[in-house]
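Peer 1: here is my input, please return the structure:
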Amino acid sequence: MLTTLRTGLTNWIATKRGDAEHDAADGARWRRFGKALFGTFIGGLAACAAFILIVDPYQVVPFSPPMPRPNIDTSQRHFYPAIIRHGNYDSIIVGNSMIRLFDPDRLDKTFGSRLANVAMNAATPWEQMQMADLFLRVKGPPKVMIVGLDHWWCDERADQPDRKLTIRAFPDWMFDDNPWNDFLYLLNGKTIETAARIVMTNLGHGRIRLQPNGFSVYTPPDDTYDLAAAQQRIWGDRPHVITPVTPPVVLTEAERATLRFPAQDWLDAILNREGDRTRTVLIWLPTHISTLPAPGSRDAAVEAACKADMDAIARRHQATVVDWRIDSPLNRNDATFWDPYHHRLPVAQRIEDDLAKALAGKDAADDGAWTVRVRGR
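Peer 2: Prediction:
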């Protein structure tokens, strides 16, 4: 009996000792695994950071090596600041997608300028003025500034947070004067992907989306235009008619006095900083008649007041205002547009040619497509 107990106790102690030694070995293995995992993570992170800093896809790293960095991304908000900071341009076009088809090379012949088109898809007036502000701080007053105007410039709530920005991320860190804080925003999957695409493009395996001056033809090839499909996008299932409001709404003096257009204040501030060194052209862009306020409606009266206020700003700064946002044969023609807001490339080229005529002294189009509201210097 004692021998049996002694043997059992000895075996139990040996088992516990073996378990302890096994646990210690397991613990050592887990520590080695944890260190290896942590080292791999830190090493991978460091490699990604080095890759981003070397390729510098957005051209914000002060010490990145020189290399071709084509504009390959669809996010103009991230690529256009570099065009302003590093491009050899003395003039700019700002606006949203409705003016992106304006070709700087064609317009340079009219203005004797070196224009960059830094209009951004769905850009709000506030975002557009951030681009103009950056140009002023980096390059000084532009020789020429063309601003594309649309109904958002008449938005009475343009200064509200939900109207100043869109769902597209606006990289305000790219627009300040401190390049060192940019590092906080670079280490992410999107930047790594963009850097990789730039490398692949330089190796001949990618597509350059934007020319160095920011221009691109983002619409489908014009020879693929389908009028029936465009009409469906424009009208939907609605009747193809515009019904005026009768009797027409006329704003009282008190109602007119309460109207406020915050976006115009931002433009006024930019024009004040430009002084008399900039030739400014404000263009009310064409849009399909179905998107204009119904004739005689309150919205039409508010837009008329908005345009009048914009005219006053233009006169103070000797800017030119040319208006394509009117009831005209151009805007009534469904075949002018891909959708209610975006005209076709030949229409953009016509506008460029007509703008040259307007600046040369012509007051209105022969077919009523545009009119000069204010003639500046």
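
Peer 1: from F102, how far out is Q349?
Peer 2: For Q349, the distance to F102 equals 9 Å [Cβ to Cβ, to the nearest Å]. Bear in mind the C-beta positions are built from the backbone N, C-alpha and C, glycine included.

Peer 1: who has more neighbours, the two?
Peer 2: F102 (23 against 14; other Cβ atoms under 10 Å).

Peer 1: assumed the more buried one was part of a helix.
Peer 2: No: counting by DSSP: H, G, I helix; E, B strand; the rest coil, F102 falls outside a helix, being coil.

Peer 1: got the buried residues for stretch 124-135?
Peer 2: T124, P125, W126, E127, Q128, M129, Q130, M131, A132, L134, F135 (16 or more other Cβ atoms under 10 Å).

Peer 1: show residues contacting that stretch.
Peer 2: 77, 80-81, 84-85, 92, 94-96, 118-120, 123, 142, 145, 147, 152-153, 155, 158-159, 163-166, 170, 172, 175, 263, 266-267, 269-270 (Cβ atoms under 8 Å, 6 or more residues apart in numbering).

Peer 1: what about these, which are in helices?
Peer 2: Within these, residues falling in helices by DSSP state H are R77, Y80, P81, I84, R85, R163, K164, A263, W266, L267, A269, I270.

Peer 1: chain neighbours aside, what residue packs nearest to the fifth one?
Peer 2: This means R85. Nearest non-adjacent residue to R85, counting by Cβ to Cβ, 6 or more residues apart in numbering: V138, 5.5 Å away.

Peer 1: could I get the average pLDDT for the one helix or strand the one you found maps to?
Peer 2: Assessed by DSSP states H and E, V138 sits inside helix 125-139. For helix 125-139, the mean pLDDT works out to 97.

Peer 1: mark which of the contacts of stretch 124-135 are buried, thanks.
Peer 2: Counted by 16+ other Cβ under 10 Å, the contacts of stretch 124-135 give 77, 80-81, 84-85, 92, 94-96, 118-120, 123, 142, 145, 147, 152-153, 155, 158-159, 163-164, 166, 170, 175, 263, 266-267, 270 as buried.

Peer 1: any chance you could map the strands in the stretch 51-200 of the chain?
Peer 2: Assigned by DSSP state E, counting those that start in this stretch, the stretch 51-200 of the chain shows strands spanning 91-94, 115-117, 144-149.

Peer 1: need these in CSV with mean pLDDT and distance to A47, can you?
Peer 2: Output for those, formatted as CSV (pLDDT from 0 to 100; distance: least, Cβ to Cβ, whole Å):
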stretch, mean pLDDT, distance to A47
strand 91-94, 98, 38
strand 115-117, 98, 34
strand 144-149, 98, 43
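
Peer 1: so which of these comes closest to D366?
Peer 2: strand 144-149 (23.0 Å; Cβ to Cβ).

Peer 1: check which helices and strands the closest one is in contact with.
Peer 2: strand 91-94, helix 125-139, strand 279-284 (3 or more Cβ pairs under 8 Å, 6 or more residues apart in numbering; DSSP states H and E).

Peer 1: show me how far it is from its chain's centre.
Peer 2: Relative to its chain's centre, strand 144-149 lies at 15 Å (Cα atoms, centre = their mean, to the nearest Å).

Peer 1: what's near enough to touch the residue nearest to I351 when sequence neighbours are not counted?
Peer 2: Residue nearest to I351 in three dimensions, not counting chain neighbours: W324, with 6.7 Å by Cβ to Cβ, 6+ apart. By Cβ under 8 Å, 6+ apart, the contact list for W324 reads I283, W284, L285, P286, L330, N331, I351, A369, W370.

Peer 1: what's the answer for P346, then?
Peer 2: D222.

Peer 1: can you check the one 10 residues further on too?
Peer 2: Under the criterion of Cβ under 8 Å, 6+ apart, the contact list for A356 reads K109, T110.

Peer 1: where does pLDDT dip in the stretch 51-200 of the chain?
Peer 2: 73-74 (pLDDT under 70).

Peer 1: can you rerun that using 80?
Peer 2: Along the stretch 51-200 of the chain, segments meeting pLDDT under 80 span 72-74.

Peer 1: coming back round to it: of the contacts of W324, closest to A312?
Peer 2: W284 (14.9 Å).

Peer 1: any idea how many residues pack against the closest one?
Peer 2: 23.

Peer 1: and I208, by the same measure?
Peer 2: 13.

Peer 1: tell me how many other residues crowd the closest residue in space to it that isn't next to it in sequence.
Peer 2: When the adjacent residues along the chain are set aside, I208 lies closest to P70, with 4.5 Å between them (Cβ to Cβ, 6+ apart). Neighbourhood size, P70 [other Cβ under 10 Å]: 18.

Peer 1: P70 contacts Q211, doesn't it?
Peer 2: No: under the criterion of Cβ atoms under 8 Å, P70 makes no contact with Q211, lying 9.5 Å away.

Peer 1: give the contact list for I326.
Peer 2: I326 neighbours (Cβ under 8 Å, 6+ apart): W284, L292, G368, W370, T371.

Peer 1: just checking, the fourth one touches T320?
Peer 2: Okay, so that is W370. No: W370 lies out of contact with T320 (Cβ under 8 Å); the separation is 11.9 Å.

Peer 1: show me which of those two is the more surrounded one.
Peer 2: Between W370 and T320, counted using other Cβ under 10 Å, W370 has the larger neighbour count: 26 against 20.

Peer 1: for that one, which non-adjacent residue is spatially closest?
Peer 2: Counting by Cβ to Cβ, 6+ apart, the nearest residue to W370 once its immediate chain neighbours are dropped is W324, at 4.7 Å.

Peer 1: now for the residue lying closest to G214 once chain neighbours are set aside, how many residues are close by?
Peer 2: Distances taken as Cβ to Cβ, 6+ apart place N117 nearest to G214, at 4.4 Å, with adjacent residues excluded. Neighbour count of N117, defined by other Cβ under 10 Å: 29.
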